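*Asks:* Next come a sequence and a model predicted from it.
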Amino acid sequence: MTARPSRYSAVAIALHWLIAIAIVTMIPMGWWMSDAIAEPSNQALAYRVFQIHKSIGFLILALTALRILWRLTHPVPALPGRMKGWEQFAARATHAAFYGLMLALPLTGWVYVSTGWAVTTDTPLAVATSWFGLFSIPHLPWIEHASDAVRRTTAWMAMGAHSKLAWGAIVLIVLHVGAALKHQFLDRDGVLSHMIPALPHGEEAGAAEPGAATRWAERLAGLALVAVIGVAFGLAARPAPKTTETAAASAPAPVAVDAAVAPGTAAAWTVDRAASSIEFSGTHAGNAFKGRFEQWEAQVWFDPADLAGSKAVVTVRTSTAKTGDATQEGSLTGAEWFDPETYPTARFEAASFKALGGNRYEATGTLRIKTATVPVILPFTFDEANGTAAVAGRLELDRTALNLGMTSDAGGDWVSKAIRVEIKVKATRAG
């Protein structure tokens, strides 16, 4: 028979306190952000807190899985022998309930964010999930790709269960802390020293190891508590059906590969990609953001003396949009934004040029993103010296006309409708 230790191992102690601190910080965070997200003045901070909340939730899930594995493979200290049978049963059942909660809380949160539905506004809100901005965490595909009605119902049920499980965690924490203090100051049996090595541990012989049937009964009792709370309150949180149904959009056909571009008659230019950029900017949750496209190609024929023969075609890989915020970048590649899996490129073609005086010009053309094609006018400056040209231009786009983010944010409550695009190009005359 394996000897029972007098204290938990260093790994078990570290996991216990890491998870405990994470859970304690998550509860007030969840309360605050749920209300703050509806206030415009708090929206930017609430958005950040939501991302931190999700990241800590996935950290708790990973640490809990590791802790369960460690618990199953390492013996734990015995309970004091003078504890009554029902007290030992309650202690082990409470521990089992804690394990269940530590799994159920992040899992219901994962289900909720995968729905892409905000219960605070009862509207779609597709936001990607990244772990502390380091890497993306995929949403559960069987939920993410379900119909609006299924995602909405699932969101309300998941959030209902999630919030009530949080209350269950508060109850268990109070019971757990109260029991630990009772053992330390009333019973003086050294139980608290199992998790706090600095405290002296009691010398009383441990309780006898419970039988297999008892152990399973204790575990099931704890897990049943979690299941009852989660299912009961989750079902109670189901929303009333809407009076109108959202029509399902048919899946668009993939974009065809662009045909070869007919060249203009003006001088051809070779773009120096390393010295050129296509950037975009706007506001998100009340804060300014700025991004860029890392992969794009440009074919340019331009001559101030031959504006009629001038032409420019720019093809952008929309999957390469970068803002420095992993959550924003993950959202931009979603189906309601750029959807690069279906539409890998955006295309700007300028076929008409106009001189505005001095080094200022204006290009008129079209911009295609996904299935939307809109007319655009791009004012720009052109300066040439020794066969090298510098071009700078900017324009403002209405993302609503391009069908970007229209499911979650048609009103511009989160992301500004107006998006500024700025180009800087360095090029040399070809040949």
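*Replies:* Sure, I can see it. Numbers count the residues shown, from 1 in each chain.

*Asks:* Spit out the contact partners of residue 51.
*Replies:* 130, 133, 327 (C-beta atoms under 8 Å, 6 or more residues apart in numbering). In this view, the C-beta of every residue, glycine as well, is placed from N, C-alpha and C.

*Asks:* please redo it, this time with the cut-off set to 10 Å
*Replies:* Shown in contact with residue 51 (C-beta atoms under 10 Å, 6 or more residues apart in numbering): 127, 128, 129, 130, 131, 132, 133, 325, 326, 327, 328.

*Asks:* For those residues, point out the one with the lowest pLDDT.
*Replies:* Lowest pLDDT of the contacts of residue 51: residue 133, 86.

*Asks:* Distance check, that one against residue 293.
*Replies:* Per C-beta to C-beta, to the nearest Å, residue 133 is found 20 Å from residue 293.

*Asks:* re earlier: so which of the contacts of residue 51 belong to strands?
*Replies:* 130, 131 (DSSP state E).

*Asks:* Mind checking which of the contacts of residue 51 are buried?
*Replies:* 127, 128, 129, 130, 131, 325, 326, 327, 328 (16 or more other C-beta atoms under 10 Å).

*Asks:* coming back round to it: could the contacts of residue 51 go into TSV alongside distance to residue 150?
*Replies:* Below are the contacts of residue 51 laid out as TSV (distance: C-beta to C-beta, whole Å):
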residue	distance to residue 150
127	19
128	20
129	19
130	25
131	26
132	30
133	30
325	29
326	27
327	24
328	26
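
*Asks:* what's the closest of the contacts of residue 51 to residue 99?
*Replies:* Nearest to residue 99 among the contacts of residue 51: residue 131, at 22.3 Å, using C-beta to C-beta.

*Asks:* Now do the contacts for that closest one.
*Replies:* Counted by C-beta under 10 Å, 6+ apart, residue 131 has contacts 51, 54, 55, 56, 57, 58, 59, 62, 137, 326.

*Asks:* who's sitting farthest from the centroid in this structure?
*Replies:* What lies farthest from the middle of the chain is residue 305; by C-alpha atoms, centre = their mean that is 51.0 Å.

*Asks:* residues contacting it?
*Replies:* 266, 267.

*Asks:* just use 182 as the starting number from now, easier for me
*Replies:* Sure, I'll start counting at 182 from here, so that last one is residue 486.

*Asks:* Give the helix, strand or coil label for it.
*Replies:* The three-state label given to residue 486 by DSSP: H, G, I helix; E, B strand; the rest coil is coil.

*Asks:* Quick check: it vs residue 228, distance?
*Replies:* For residue 486, the distance to residue 228 - C-beta to C-beta - is 51 Å.

*Asks:* can you list the domains in the chain?
*Replies:* Following automatic domain parsing, the chain resolves into domains at 191-417, 449-610.

*Asks:* about what we covered before: so of the contacts of residue 312, which ones are in strands?
*Replies:* The members of those all map outside strands under DSSP E.

*Asks:* who's residue 481 bridged to?
*Replies:* Beta bridges link residue 481 to residue 450, residue 493 when assigned by DSSP bridges.

*Asks:* which residues touch it?
*Replies:* 444-445, 447-452, 491-495, 531, 570, 572, 606, 608, 611.

*Asks:* Quick check on those: which are buried?
*Replies:* 445, 447-450, 452, 491-495, 531, 570, 572, 606, 608.
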